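Undergrad: From the sequence below, what's the structure:
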Amino acid sequence: MNASNQISAAVFSAFVKCPTKAHLLAIGEPAPGAFFVDIEARISSMYKPVAKRQLHTGAKVADLLEFGQIWCSLNDGTIPHYVDCDTVVYDFALPQRRHEARQPQESSPSGNVVPVLFLPWDKPNLSDNLLVCFGALALSQAIGTLADTGTLIYGDGYRRRSVRIGDHVVRTRQAIEVIRATRTSREPPPLVLNRHCAVCDFQPRCRALAIEHDDLSLLTAMTAKERTKCNAKGIFTITQMSYAYRPRRRKRTRSDAEGSTKSAKRTAPVVRNDHKLRGLALKKNQIHVVGAPVLKFESVPVFRDVEGMPDGRIATPPDNGSIAATSRTLNVSTELLSLDRSKIESMFKEIQAIRSKVPSKE
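TA: Modelled structure (predicted):
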């Protein structure tokens, strides 16, 4: 089969997060580094063998197959055969199977093929459901039937979730068609920086190009809809955006109304996320402050910085085992690092005991 007509699971997963990354992976462009790829591969290699044990049906343990093993392993139709979604490949040259045309065959081994995705993270999102659906579509090309559901095993507790293929098949096919159009076109997809850039190995490359082109996606708070509106007005760069900024004139108030509450509400400036002001700040390489900031500390401020994972586990001790209180720092000799949830409560009690040592006033 022609490799140019195929979409791997890695390319599809990358496309859902960033079309530019999917294009770079498809053409084989090497990333400047492999830090995040290596981390994900190492975590997945440790997670998947343990999570595989959750694939059991009664007294039998279901088979976990790779996409290339389905033809030689469908010999038992009594148990489901799980196919790893990370190994599937979709081929443009093969015909598509419609979801409504599926006819279940209970006696056929191919009727018990289920796409499965192992996710080490505790919070699966829409992109994971789309990848499971992509695996079902790729399997439908191989066995002739489209599965009704897929399986998602995720988190430390190896929780199990069923993904309804029919709920995501339309959006998955749309993504596949966009990837096909990108393959046939000579032009790469437009470069747009997004939240995935923080954990992408192509981030230095894409950010350098965005800075060179003065791209609007450098304004991280600007949505795609807002960028489209700016492009319709002829604004394509941050420099063009900065020229549209006009500072608001502050309203004058009478001397006898300065202490009035209504007057304070009426004259208070509205703090909002102004993309034009941010563009001006980036253009001049300056920091612009909206309004007059007022900092009042009635006592000694204590800053607690606890680094953790989204699932609630503590990853690193706060501030490397120290708590900062303005100009003085209290060193903590107690080990505050804990990955056991049962110890989190006692750990914070230790932090509170350390906090009590900080004087309330200078």
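
Undergrad: Which residue is the nearest non-sequential neighbour of residue 92?
TA: Leaving aside its chain neighbours, residue 92 sits nearest to residue 5 (4.3 Å; criterion: CB to CB, 6 or more residues apart in numbering). Placement of C-beta: from N, CA and C, glycine included.

Undergrad: How about the contacts made by the one you found?
TA: 91, 92, 93 (CB atoms under 8 Å, 6 or more residues apart in numbering).

Undergrad: Next up, phi/psi of it, please.
TA: Note on residue 5: backbone dihedrals following degrees, to the nearest 10 are phi -100, psi 10.

Undergrad: any idea how far it lies from residue 90?
TA: To residue 90, residue 5 is 9 Å away according to CB to CB, to the nearest Å.

Undergrad: likewise residue 13?
TA: 12 Å.

Undergrad: For the two, work out which one has more neighbours and name it.
TA: Of the pair residue 13 and residue 90, residue 90 is the one with more neighbours under other CB atoms under 10 Å, namely 25 against 20.

Undergrad: That one is in contact with residue 141, isn't it?
TA: Yes - the criterion here is CB atoms under 8 Å, and residue 90 meets it with residue 141 at 7.0 Å.

Undergrad: remind me which residues of the chain are low pLDDT?
TA: 1-3, 56-62, 71-79, 95-111, 250-272, 299-302, 304-342, 344, 358-362 (pLDDT under 70).

Undergrad: quick one: the strands in it?
TA: Per DSSP state E, the chain carries strands over the ranges 6-8, 56-57, 60-61, 63-65, 81-84, 89-91, 113-119, 149-154, 159-164, 302-303, 307-308, 314-316, 322-325, 328-331.

Undergrad: what helices or strands is the fourth one leaning on?
TA: Counting contacts by 3 or more CB pairs under 8 Å, 6 or more residues apart in numbering; DSSP states H and E, the secondary-structure elements packed against strand 63-65 are strand 81-84.

Undergrad: Could you please name the strands the strand it packs on pairs with and the direction of each pair?
TA: For strand 81-84, sheet partners with direction are given as strand 63-65 (parallel), strand 113-119 (parallel), following DSSP bridges.

Undergrad: Tell me which of those strands is the most buried.
TA: Compared across these, strand 113-119 shows the largest average neighbour count, a mean of 23 (mean count of other CB atoms under 10 Å).

Undergrad: And the contacts of that one?
TA: 44, 47-48, 51-52, 55, 64, 70, 74, 80-86, 88, 128, 131-132, 135-136, 139, 143, 145, 147, 149-155.

Undergrad: One more pass at 6 Å, please.
TA: Contact partners of strand 113-119, identified using CB atoms under 6 Å, 6 or more residues apart in numbering, comprise 48, 51, 80-83, 85, 128, 131-132, 135-136, 139, 143, 147, 150-154.

Undergrad: Then stretch 136-154?
TA: Under the criterion CB under 6 Å, 6+ apart, residues 51, 54, 83, 88, 90, 94, 97, 99, 102, 110, 113-119, 124, 132, 160-165 lie in contact with stretch 136-154.

Undergrad: before we move on, back to that, need the strands paired with strand 81-84 in CSV (columns: distance to residue 30).
TA: Listed next are the strands paired with strand 81-84 as CSV, based on distance: least, CB to CB, whole Å:
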stretch, distance to residue 30
strand 63-65, 30
strand 113-119, 26
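
Undergrad: Tell me which of those lies nearest to residue 227.
TA: Residue 227 sits nearest to strand 113-119 of all the strands paired with strand 81-84, at 30.7 Å, using CB to CB.

Undergrad: Now do the closest one against strand 159-164, angle only.
TA: 130 degrees (axes from the mean of the first three to the mean of the last three CA atoms, to 10 degrees).

Undergrad: so where do the helices sit in the chain?
TA: Using DSSP state H, the helices of the chain run over residues 9-17, 19-26, 35-51, 70-73, 126-143, 169-184, 203-213, 224-232, 238-242, 261-267, 275-284, 344-355.

Undergrad: Those helices into a markdown table, with extra columns for distance to residue 196?
TA: Compiled in a markdown table, these are given as follows (distance: least, CB to CB, whole Å):
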| stretch | distance to residue 196 |
| --- | --- |
| helix 9-17 | 4 |
| helix 19-26 | 7 |
| helix 35-51 | 10 |
| helix 70-73 | 31 |
| helix 126-143 | 10 |
| helix 169-184 | 15 |
| helix 203-213 | 9 |
| helix 224-232 | 14 |
| helix 238-242 | 21 |
| helix 261-267 | 41 |
| helix 275-284 | 21 |
| helix 344-355 | 30 |
